[in-house]
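**Q** What follows is a predicted structure for the sequence shown.
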Amino acid sequence: MRIGVLTGGGDVPGLNPCIRAITLAAVDLGWEILGIRRGWQGVLETDPDDDASIAVNTFRLDRERVRGIDRRGGTILHTSRVDPRSHEGEDHTPHVLRVIEKLGIDALVTLGGDGTLRFSAHLSALGVAIVSVPKTMDNDVFGTDYCIGFSTAVSRSVEAINALRTTVESHERIGVVELFGRRSGETALLAGFLAQADRTVIAEVAALAGAIMLSGVAALALVGPPDIRANLGLQGEVGSPIQIQMEVPQVRGMPGGNQLLDVAGQIINPTDQTQRVPSIRAEIRNSDDRIIYSWIIAPPVKTLQPRGQASFSSGGVDVPEGDNTLKLAVEDGS
């Protein structure tokens, strides 16, 4: 029995321990282990009719070769981000099948994330015996609870958030920490919880009135002094399913020490019915919580068609410089 092993995508802690565990288990069973360099790229660069090419892109794994690699980061097999079905505009699946046959591989173990596992599933559907090990810091591979690399991603994120606390508190600001994740909020959700972030916004949950969502960001955590963070989100209840997606308020310096503030965002109707659009009341309060300026951000439309959306903006409001707080509240659009 000959087992092939490869790693694809980004490197994460835990790949080498996994390679070691696979190798030792196979050796105990009397199986041969062949490591393939640079993931699917190594397979594509292998000429099945050239022994020298095979030697360059593969090597044997045994107890001696994997000794101590569990204490090293990265992957001894090296890695790449290549999908053989679309590499250089062509589908190289037939070549991959030829290489697997030439190498005498009875089963292939692939360690990777989305891309690596998608092609693994493709080969499996063609009859290749494959075992895939999910490896992604996003923890977004369907069918598994915990991917290799996720634990480190969370712990490093918690460290980063905690390290920012002294800075944002010293400057009395709100710290916005953007975490990777694409369409998955797993990393932000767990890191925000462990770091005790005041707000955590994830891609899976729509931002309704009463919550805040910064546009264009898949997942983020918010930290800041209590007096500022308490007033960050939209306040009030809206008697409709309309969603309000806030952008980061823009502040620009003006002559004379004043500031030009612009509050903008999107109003979204996620339903299949026409909905009435609410207004947004904005207030600027000083350090004594006294209102120094207030205005209504009127939406450009009174109603939204099914699945429709509209942008809104305060258009730039001249406010005094100082220790001020912006408060936003949703008002009934009637």
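**A** Good, I have the coordinates.
**Q** which regions of the stretch 201-334 of the chain lie under the pLDDT threshold?
**A** For the stretch 201-334 of the chain, the stretches flagged by pLDDT under 70 are 205-240, 246-261, 315-324, 328-334.
**Q** which stretches of the stretch 101-250 of the chain form strands?
**A** Applying DSSP state E, counting those that start in this stretch to the stretch 101-250 of the chain gives strands spanning 107-112, 130-134, 175-178, 199-201, 220-223, 234-235, 243-246, 250-253.
**Q** Which residue comes closest to Pro300 once chain neighbours are left out?
**A** In space, and not counting its chain neighbours, Pro300 is closest to Ala310: 5.3 Å by Cβ to Cβ, 6 or more residues apart in numbering. Quick note: C-beta positions are derived from backbone N, CA and C, even for glycine.
**Q** Extract the CA atoms of the helix or strand harbouring the one you found and return them as PDB.
**A** Per DSSP states H and E: Ala310 is located in strand 309-313. What follows is strand 309-313 as a C-alpha-only set of coordinates in PDB (Å, rounded to 0.1, in the frame of the first residue of the first chain):
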ATOM      1  CA  GLN A 309     -31.800  49.400  -1.400                       C
ATOM      2  CA  ALA A 310     -30.900  53.100  -1.200                       C
ATOM      3  CA  SER A 311     -27.900  55.000   0.000                       C
ATOM      4  CA  PHE A 312     -28.100  57.800   2.500                       C
ATOM      5  CA  SER A 313     -25.700  60.500   3.700                       C
END
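**Q** hang on, the earlier thing: how far away is the residue nearest to Pro300 from Gly265?
**A** 10 Å (Cβ to Cβ, to the nearest Å).
**Q** So for the two, which sits in the more crowded spot?
**A** Per other Cβ atoms under 10 Å, whichever of Ala310 and Gly265 has more neighbours is Gly265, with 24 against 15.
**Q** Assign a three-state SS to that one, would you?
**A** What DSSP: H, G, I helix; E, B strand; the rest coil gives for Gly265 is strand.
**Q** Tell me what it is bridged to.
**A** Under DSSP bridges, the beta-bridge partners of Gly265 are Met246, Phe312.
**Q** ok, it to Leu29 distance?
**A** 59 Å.
**Q** what do you get for Asp272?
**A** Distance, Asp272 to Leu29, by Cβ to Cβ: 57 Å.
**Q** Near Leu34, how many other residues are there?
**A** Number of residues near Leu34 (other Cβ under 10 Å) recorded here: 18.
**Q** from memory it sits against Thr58, does it?
**A** Yes - counting by Cβ atoms under 8 Å, Thr58 is a contact partner of Leu34 at 5.5 Å.
**Q** joint contacts of those two?
**A** Leu103 (Cβ atoms under 8 Å, 6 or more residues apart in numbering).
**Q** what about the residue nearest to Pro300, distance to Trp295?
**A** 19 Å.
**Q** Same question for His92.
**A** 60 Å.
**Q** okay, those two: which has more neighbours?
**A** Higher neighbour count among His92 and Trp295: His92, with 19 against 14, using other Cβ under 10 Å.
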